[in-house]
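*Asks:* build the 3D model from these lines:
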Amino acid sequence: MISFFSVLTLFFSWSTEDWNTYFENKEIAVLYKASLCEDIQNGVSFEYYLIQVKNKTDETLVVNFYLGSLEERSEENKVAFVLNPLEVKTGNCDYQPIKLRLFRSESSKKAKGSIVPFNLNTISAVEVY
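*Replies:* Model prediction:
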């Protein structure tokens, strides 16, 4: 039984270590990691940067940022959502109403595309009263 818990602890410590901190202040932390997202039904796979946002406060916050570089900033790339006190929202490969992922590259044998660097801009958190 002890070995099971050791393996479980090792798994959870490993899975949190692959997140990279991109932005942090006294209110929020924004982390990211690369992940392969496979669409088995359509036979394609893409690599995305999954985004994790942590509310470090006891207050409700509205978080805003734009996906991509400052030059790519548009309403289409704007992400805005509410984070409750100490809440963490994490992107994944499935569809999400809050877009917490950013395209990285196509992962097919045919495509030899370049890797898009991880970039967010105009990150802000506003306390909701």
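*Asks:* could you list the low-pLDDT ranges of this structure?
*Replies:* For the chain, applying pLDDT under 70 flags the ranges 1-17, 107-113.
*Asks:* next up, phi/psi of Arg101, please.
*Replies:* phi -150, psi 150 (degrees, to the nearest 10).
*Asks:* no, scratch that, I was asking about Pro85
*Replies:* For Pro85, the backbone dihedrals (degrees, to the nearest 10) come out as phi -50, psi 130.
*Asks:* ok, for it, nearest residue in space, not its chain neighbours?
*Replies:* Asp58 (4.7 Å; C-beta to C-beta, 6 or more residues apart in numbering). No exception for glycine: its C-beta is placed from N, CA and C like everyone else's.
*Asks:* isn't the one you found right up against Glu87?
*Replies:* No - taking contacts as C-beta atoms under 8 Å, Asp58 lies outside contact range of Glu87: 10.9 Å.
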